[in-house]
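1. the following block contains a protein sequence and its predicted model.
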Amino acid sequence: MRLTVLGCAGSFPGPESPCSAYLVEADGFRLLVDFGSGSLSSLQRYVGLHAPDAILLTHLHCDHILDAVTYVVVRRYAPEGPYPALPVYAPAGAPDRLSAAYGDDGTVDDVYQFYALQPGTFPIGPFTVTVDRVNHPVETYGVRLEHDGRSLCYSSDTAPCDALLRLAQNADVFLCEASYLDGVDNPPDLHLTGREAGEMATKAAVGRLLLTHLVAAWGSEAHTLESAAGAYSGPLEVVRAGASYDI
Ligand SMILES: [Zn+2]
Ligand SMILES: [Zn+2]
C-alpha cells in the first residue's frame, strides 16, 4: 500500500502544511483518512479532486474534518455531477456535525453515506481496518490498516494508551502524533510528546516511525525529533505535506 501525506499540521494549519489528511492507496482504491483544514488543496495538488473512494474520520475535531464540509460543494455541484454518495466512516455524530458546519439547514446525506465507527475490524475496499478508542477528550479512533501482509497504524490524536499499543503492534509503519514538547507541563489525556511517541513505537516494535501533528507555532521539530530518537532506535522522521511512502 502507499501512504501520501496531504496534511500533517497539528491543531491548526501551519505555514508549510494543511491539517491532518492522509491518502492510503492499494489495488487502485484510495482511502482518505481525516480531511482537515486546507487539505482539499493538497488533495488536488498531489492526487486529484475526485481521488477518494472512501473517507475515514478519526474524530470530530475541526483540524481533522473541516474540508469534508468544503468537499460537499465539490461533490454536489460539480459541472459533471452530482457525484454519488461517498462512504464516510466516522464517529456517530458526524452527519449532524458536518451538516451543521455546512449550514444550509439541510443534510449532507446526498454527498456522504455515513457508517458509525465502533471498536472492531471491518473491510473498506481492499483494506482490513481495525479501529479502537484512544485517549483524547472526544470519541477518537486510532486506526490500523492492513493489506497484502503489510500494516500501517495511525494514532489519530491521543495521549499514551493501551489501545494504541495494540493497534500499533508490529506495524510496518507507525504514523504517530507528537503534538507536545517534552520537558514542559502538558495537560493530561490529550496528546503525545516526541518521547512518548518513541516509547509507544518501541513497545509496539514497529518497523518505522513517522511523526505527525506537530504544532509548528508552538513546538520545535528538532526538539521533538531528538526526544523521539531518544526513545526509539528504528527509522524515524517527521512527515511533510506531499511526502509519499510505499509500505
Ligand atoms: Zn488534531
Ligand atoms: Zn483532536
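-> Great, that's in hand. Numbering: from 1, shown residues only. Ligands and ions are numbered 1, 2, ... in the order given.

2. report pLDDT for D104.
-> Note on D104: pLDDT of 84.

3. check for me that it belongs to a strand.
-> No. D104 is assigned coil when assessed by DSSP: H, G, I helix; E, B strand; the rest coil, not a strand.

4. okay, now it: neighbour count?
-> A count of nearby residues for D104, using other Cβ atoms under 10 Å, gives 8. Yep, even glycine has a C-beta here, placed from its N, CA and C like the rest.

5. any idea how far it is from R76?
-> 11 Å (Cβ to Cβ, to the nearest Å).

6. same check on D110?
-> Using Cβ to Cβ, D110 is found at 7 Å from R76.

7. overlap of the contact sets of those two?
-> Shared contacts of D110 and R76 (Cβ atoms under 8 Å, 6 or more residues apart in numbering): P82.

8. what about the strands in the protein?
-> Along the chain, counting by DSSP state E, strands occupy 2-7, 21-26, 29-33, 54-56, 86-90, 112-116, 120-124, 127-133, 141-147, 150-154, 173-177, 209-212, 236-238, 244-246.

9. which of those strands sits most buried?
-> Greatest average neighbour count among these goes to strand 173-177 (a mean of 28), per mean count of other Cβ atoms under 10 Å.

10. and the angle from that strand to strand 150-154?
-> Comparing the axes of strand 173-177 and strand 150-154 via axes from the mean of the first three to the mean of the last three Cα atoms, to 10 degrees yields an angle of 0 degrees.

11. show me what from the protein comes close to ligand 2.
-> For the chain, the contact set with ligand 2 under Cβ under 5 Å from the ion comprises H61, D157.

12. pull the longest helix from the chain.
-> helix 62-76 (DSSP state H).

13. convert the C-alpha atoms of that helix to PDB, please.
-> These are the backbone C-alpha positions of helix 62-76, laid out as PDB (Å, rounded to 0.1, in the frame of the first residue of the first chain):
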ATOM      1  CA  CYS A  62     -12.000  20.700  13.300                       C
ATOM      2  CA  ASP A  63      -8.400  20.000  12.300                       C
ATOM      3  CA  HIS A  64      -9.500  16.500  11.200                       C
ATOM      4  CA  ILE A  65     -12.800  17.200   9.400                       C
ATOM      5  CA  LEU A  66     -13.400  20.700   8.100                       C
ATOM      6  CA  ASP A  67     -12.500  20.100   4.500                       C
ATOM      7  CA  ALA A  68     -15.100  17.300   4.500                       C
ATOM      8  CA  VAL A  69     -17.500  20.200   4.800                       C
ATOM      9  CA  THR A  70     -15.900  22.200   2.000                       C
ATOM     10  CA  TYR A  71     -15.900  19.000  -0.100                       C
ATOM     11  CA  VAL A  72     -19.700  18.900  -0.200                       C
ATOM     12  CA  VAL A  73     -19.600  21.600  -2.900                       C
ATOM     13  CA  VAL A  74     -17.200  19.600  -4.900                       C
ATOM     14  CA  ARG A  75     -19.400  16.500  -5.000                       C
ATOM     15  CA  ARG A  76     -22.800  18.200  -5.100                       C
END
